[in-house]
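J.: Predicted model, plus sequence, below.
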Amino acid sequence: MFTIAQITDLHITTSEAPLDQARNRDRLHQTLRSIEALRPRPLAIIATGDLVDRGRIEEYAALKAILAQTDLPIYLGVGNHDNRLAALSQFSAPNIVSDSHGFIQYTLEFEEYRIVICDTLDEGREGGAFCEQRAEWLVQTLTDRPGTPTLIALHHPPIASGIRWMDPDPSAEWILRLDRILSQHSQVCAVTTGHLHRAFVRRFANSLVTVSPATSIQLTLDLSPVDMRVPDGREILTEEPPGFMIHMFDAGEITSHFCVSGPWPTAVNYTHPFVKP
Ligand SMILES: [Fe+2]
Ligand SMILES: [Fe+2]
């Protein structure tokens, strides 16, 4: 048994807004400390995009300085706030790898399991994308190891949360394409994403998609109808505590835990045997 931590939507920035700068940095620090305190220690951390807020080289440099404070290996994917070339100017293999078309897509092998990091960034757009070139790479990658339990990690959830203003069109081409591929590869045990800044799960392509909470601010849970053309003043983002996920790989399956970054006071200690003699 081993675990891998997932962080997402770090939104590290060097922008003029000092509040965002300090808040997102401090929340990432808090999350890294929480991950490092876990027993057993995760083997690695995967970061599923929106690594920085504006896709600027100086933001990736700031992120690099923060991540240097943990000795856990960190593997990066990109989201809609990222810029591939700027990210690649500050990070290199094995922490970030691009495929032959320049997309940030690569595989990680851990014992008899696999994590496949995919790229859903469409630079200049908020929404997700997964074009034919990326799809070809994924099909080839999954075809190479059909018997290996696999976790797919990407930024944009291909599923709806019910928070309408953030949800994708379920009939979008990239979602149908991903659905087709994943449905044909039964070794895919789970799909994990970010982008929504809130934890939720939903079935997709004979699998389960988990969406990790953000290390930066969270999305407000408001499932009431919304008119996209008429702002009604509702709260849309909240300073709920930062969060992350722990994926446990054991007995050929992947079990995923949603975690709130601590520290938290102890409620009860284990001082009496669980099983009486
Ligand atoms: Fe984000
Ligand atoms: Fe995003």
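T.: Thanks, I have the structure now. Residues are numbered from 1 along each chain as shown. Ligands and ions are numbered 1, 2, ... in the order given.

J.: switch to C-alpha atoms for all contacts and neighbour counts from now on
T.: OK.

J.: ok, and the closest non-adjacent residue to the residue in the stretch 1-150 of the chain that ligand 1 sits nearest to?
T.: As assessed by CA to the ion, ligand 1 sits closest to D9 within the stretch 1-150 of the chain, at 4.3 Å. Residue nearest to D9 in three dimensions, not counting chain neighbours: D50, with 4.6 Å by CA to CA, 6 or more residues apart in numbering.

J.: list the contacts for the one you found?
T.: Contact partners of D50, counting by CA atoms under 8 Å, 6 or more residues apart in numbering, are T8, D9, L10, H11, V78, G79, N80, H81, D82, H155, H195.

J.: which residues touch the first one?
T.: Translated: T8. Applying CA under 8 Å, 6+ apart, the residues contacting T8 are A47, T48, G49, D50, L51, G194, H195, S212, P213, A214, T215, F244.

J.: Now do the first one, the pLDDT please.
T.: On pLDDT, A47 comes in at 99.

J.: The last one now?
T.: Confidence per residue is given as pLDDT, and for F244 that number is 98.

J.: Can you pull the phi and psi angles for the residue nearest to V201 when sequence neighbours are not counted?
T.: Spatial nearest neighbour of V201, excluding adjacent residues (CA to CA, 6+ apart): T210 at 4.5 Å. Dihedral pair for T210: phi -110, psi 140, per degrees, to the nearest 10.

J.: Does T210 have any beta-bridge partners, and if so which?
T.: T192, V201 (DSSP bridges).

J.: What separation is there between it and G194?
T.: Counting by CA to CA, to the nearest Å, the gap from T210 to G194 is 8 Å.

J.: quick one: buried residues of stretch 153-165?
T.: A153, L154, H155, H156, P157, P158, I159, A160, S161, I163, R164 (16 or more other CA atoms under 10 Å).

J.: Residues touching it, excluding its own?
T.: Residues contacting stretch 153-165 (CA under 8 Å, 6+ apart): 48-50, 77-79, 115-121, 127-128, 167-168, 170, 175, 191-196, 200, 202, 204, 209, 211, 221-226, 228.

J.: out of the contacts of T8, which one sits closest to ligand 2?
T.: The closest of those, once distances to ligand 2 are taken by CA to the ion, is H195, at 3.7 Å.

J.: Contacts only, for the residue in the stretch 51-200 of the chain positioned nearest to ligand 1.
T.: For the stretch 51-200 of the chain, the residue closest to ligand 1 is H195, as judged by CA to the ion, at 4.6 Å. For H195, the contact set (CA under 8 Å, 6+ apart) comprises T8, D9, G49, D50, G79, H155, H156, P157, V211, A214.

J.: where does it land in three-state SS?
T.: With DSSP: H, G, I helix; E, B strand; the rest coil as the basis, H195 sits in coil.
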